[in-house]
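**Student:** here is my input, please return the structure:
(one chain, ligands or ions: 2)
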Amino acid sequence: MNKEQVLEKLKTINYPGFNRDIVSFGMVKDVLIDENEINITINISSQNEEKKKSIISEVKKALEPHYKSVNIKLLNETNPPATSPSPNVPNVIDDVKHIIAIASGKGGVGKSTVAANIACALANKEMQVGLLDLDIYGPSLPIVLGINEQPKMTQDNKLVPLEKFGLKIMSFGFISGNDTPVIWRGPLVSRMTEQFFRDVEWGELDILILDLPPGTGDIQLTLTQKLRMTGAVIVTTPQDIALADVRKGADMFRKVNTPVLGVVENMSGLNINGQTDPNNQNLQINGEKVSIDSDGTFSINLDLFKTGGGKKESERLGVPLLGKIPISEQIMSSTDLGTPITARDSTDGIGGLYTEITNQLLSVIK
Ligand SMILES: Nc1ncnc2c1ncn2[C@@H]1O[C@H](COP(=O)(O)OP(=O)(O)OP(=O)(O)O)[C@@H](O)[C@H]1O
Ligand SMILES: [Mg+2]
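**Tutor:** Ligands and ions are numbered 1, 2, ... in the order given. Here you go, the predicted model:
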């Protein structure tokens, strides 16, 4: 077997507890083949001995039929203790099964929109879903979700999340007021965040989605360290510069031993909806025939950046592309209306795309 074939083989081995393989998690660092001998370097940052053993034995089982000698070198590339959430990081929200952060290298790429739509798509599946907006500088969930209320307090001084679209929602914006620009410094942010995690009465949740502030700096790092997360989703736009940001994001999560579950390419191509005479079957846009429904409506997606960069880069990083969302007028107007598309229609058109992304996400977290 050559190196590619070995990697293909290793791709059949899932990381324990995940529906995702060790290659796509970026754990296989090196493969050296010398005739009948193979030397593999695997980076397992988990401290869990069971998981390590299980991975080693799976790798041996997969390769021993092909090589006389299979040597596995284990790396434990965790980062300085200060930045890695050790297994002793308390899971401050006990009743939450999965915590998933939505992050981006730069601002304005559609993170909050993606977070809100994924959350609604999950709620449509009868799951218990929470959505926590941690964007301290520009909380946008109150706008995206059309919420202008203040949360109530319980008798023991816990914040009660607001409920809308079947979600439990909490945002710094609810507390600081939608119009107040807040400039908090690092330590205060960190303290506020911890308190936020602790002092919200979430109840039982299947999934808590975190809408992180844009960027991959200290603040994001602090936020991601405070909780034991299942993983992160990185939202990006197709341009190259944005893709460099994906890399930064992926690096940041690696530092805190949090798997990047996938990338969402947003504003990828342009979606146009229109209406014409149903008999007009000759409509063409950019030389392509447009199919017209019996009621005269049509919907087309135009590729603006034919780079395929999102896919390539996500493969290189070993992170799956969960899906692509085109630039769409519907998305902009849904923000203005304060109703995510998937809260209205999660099967057709753009809503269907968000649901597809959500399904992909569920398939990696189990
Ligand atoms: N696919 C899309 N098509 C058209 N407009 C979009 C799309 N995705 C997001 N938008 C619009 O772009 C704007 C920014 O989106 P959003 O607030 O979700 O980005 P963000 O990454 O959360 O920004 P920030 O970094 O400021 O938190 C919003 O007005 C939103 O309606
Ligand atoms: Mg946002």
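
**Student:** OK, contacts around the nearest residue to residue 284 once chain neighbours are set aside?
**Tutor:** Sequence neighbours aside, residue 290 is the residue nearest to residue 284 in space, at 6.6 Å (criterion: CB to CB, 6 or more residues apart in numbering). Every residue, glycine included, has its C-beta placed from N, CA and C. By CB atoms under 8 Å, 6 or more residues apart in numbering, the contact set of residue 290 is 283, 284, 298, 300.

**Student:** tell me the pLDDT of the last one.
**Tutor:** According to the per-residue confidence, residue 300 scores 82 in pLDDT.

**Student:** kindly report the same for the second one.
**Tutor:** Per-residue pLDDT puts residue 284 at 85.

**Student:** tell me how many other residues crowd the residue of the stretch 251-366 of the chain found nearest ligand 1.
**Tutor:** Using CB to the nearest ligand atom, the single residue of the stretch 251-366 of the chain nearest to ligand 1 is residue 335, 3.3 Å away. For residue 335, the neighbour count with other CB atoms under 10 Å is 20.

**Student:** may I ask you to confirm that it belongs to a helix?
**Tutor:** Yes: under DSSP: H, G, I helix; E, B strand; the rest coil, residue 335 sits within a helix.

**Student:** my guess is it contacts residue 144. True?
**Tutor:** Yes: shown here, residue 335 and residue 144 form a contact pair, counting by CB atoms under 8 Å, at 5.6 Å.

**Student:** quick one: residue 233 and residue 258 touch, right?
**Tutor:** No: using CB under 8 Å as the test, residue 233 is too far from residue 258 to be in contact (11.0 Å).

**Student:** what residues do those two have in common as contacts?
**Tutor:** Common neighbours of residue 233 and residue 258 (CB under 8 Å, 6+ apart) are residue 101.

**Student:** between the two, which has more neighbouring residues?
**Tutor:** In terms of neighbours (other CB under 10 Å), residue 233 is the more surrounded of residue 233 and residue 258; the figures are 27 against 24.

**Student:** dump the one helix or strand the more buried one maps to to CSV, keeping only the CA atoms.
**Tutor:** Per DSSP states H and E, residue 233 falls inside strand 231-236. Output of strand 231-236 as CSV, limited to C-alpha atoms (Å, rounded to 0.1, in the frame of the first residue of the first chain):
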residue,chain,number,x,y,z
GLY,A,231,-16.6,21.1,18.9
ALA,A,232,-16.7,24.2,16.8
VAL,A,233,-18.1,25.2,13.4
ILE,A,234,-16.2,27.8,11.4
VAL,A,235,-18.1,30.1,9.1
THR,A,236,-16.2,31.6,6.2
